[in-house]
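Engineer: Okay, here's the prediction I keep looking at, along with the sequence it came from:
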Amino acid sequence: MNHWIPSDSPMHSGTRALAGYSASHFAWQCSPEGVAVITLNRPERKNPLTFDSYAELRQLFEALKHANDVRVVILQGAGGNFCSGGDVHEIIAPLTRMTMPELLAFTRMTGDLVKAMRACPQPVIAAIDGVCAGAGAMLALASDMRLGTPQARVSYLFSRVGLAGADMGACSLLPRVIGQGRASELLYSGRAMTAEEGL
């Protein structure tokens, strides 16, 4: 697994321009006006995250702190779904074989992505459609604004796969957005929240 951005990437060149960045694990576009769009682009699997997409997103959001040509970031998924969470084949299965230090490193990386999104000086807007589950729900939650279609379904599925509701900071961020009672119910049950409920 390559968890680093290539050394020839604009993120490592010392420049403050990120509009021309070429993403490896998702799509990136930036208009001349500075409107950047990150598209999670694996629609055949409902846009799950991999180790590499987690790492690249973390690096990109950290680099956005220094970008002078990006004014707003829109995060979306391709093909009618936002993000189905961590890829079952590429993340969930390998996690069961990791050592404790490897698990801690992965947990730090996912937490660092959430922290980098929260620290991003540009507004981050999650455009949610269809499935928005697990880690995908956390990407939406870490955004400054969440806009959803009537088809959006948000689920914090951590408890359904043997993880704590605290994963990726869910138990800290979710109550701030929807209140303690509703957050507890969603985190304990893992059920989907409809678009209407999210209003």
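Structural biologist: Now that the structure is in, tell me what you want to look at.

Engineer: hey, let's count contacts and neighbours off CA atoms from now on
Structural biologist: Will do.

Engineer: Give me the helices and strands touching the longest helix along the chain, please.
Structural biologist: Ordering each helix of the chain by length in residues (DSSP state H) puts helix 100-119 first. Counting contacts by 3 or more C-alpha pairs under 8 Å, 6 or more residues apart in numbering; DSSP states H and E, helix 100-119 packs against helix 51-63, helix 135-142.

Engineer: His89 and Thr50, how far apart?
Structural biologist: 9 Å (C-alpha to C-alpha, to the nearest Å).

Engineer: try Ser189
Structural biologist: From Ser189 to Thr50 the distance is 25 Å (C-alpha to C-alpha).

Engineer: circling back to that earlier point, please say which of His89 and Thr50 ends up with more neighbours.
Structural biologist: Thr50 (19 against 11; other C-alpha atoms under 10 Å).

Engineer: what distance separates stretch 54-72 from the centre of its chain?
Structural biologist: 13 Å (C-alpha atoms, centre = their mean, to the nearest Å).

Engineer: Okay, buried residues for it please.
Structural biologist: Using 16 or more other C-alpha atoms under 10 Å as the test for burial, stretch 54-72 gives 54-67, 69-72.

Engineer: Not counting that stretch itself, show me its contacts.
Structural biologist: 3-5, 11, 16-19, 23-25, 30, 33-36, 109-110, 112-114, 116-117, 119-125 (C-alpha atoms under 8 Å, 6 or more residues apart in numbering).

Engineer: tell me the contacts of the most centrally placed residue in the chain?
Structural biologist: Centroid check for the chain by C-alpha atoms, centre = their mean gives Leu139 as the closest residue, at 3.1 Å. By C-alpha under 8 Å, 6+ apart, Leu139 lies in contact with 114, 126.

Engineer: try 6 Å
Structural biologist: With contacts taken as C-alpha atoms under 6 Å, 6 or more residues apart in numbering, Leu139 has no neighbouring residues.

Engineer: got any ranges where this protein has weak pLDDT?
Structural biologist: 1-15, 164-165 (pLDDT under 70).

Engineer: Show me where it has its helices.
Structural biologist: Going by DSSP H, the chain shows helices at 51-63, 93-95, 100-119, 135-142, 170-178, 180-189.

Engineer: With distance to Ala195 added, can I get those helices in a markdown table?
Structural biologist: Output for the helices of the chain, formatted as a markdown table (distance: least, C-alpha to C-alpha, whole Å):
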| stretch | distance to Ala195 |
| --- | --- |
| helix 51-63 | 26 |
| helix 93-95 | 30 |
| helix 100-119 | 22 |
| helix 135-142 | 13 |
| helix 170-178 | 13 |
| helix 180-189 | 14 |
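
Engineer: okay, the ones you listed, which one's buried deepest?
Structural biologist: helix 135-142 (a mean of 25; mean count of other C-alpha atoms under 10 Å).

Engineer: orientation of it relative to helix 51-63 in degrees?
Structural biologist: For helix 135-142 against helix 51-63, the angle by axes from the mean of the first three to the mean of the last three C-alpha atoms, to 10 degrees is 10 degrees.
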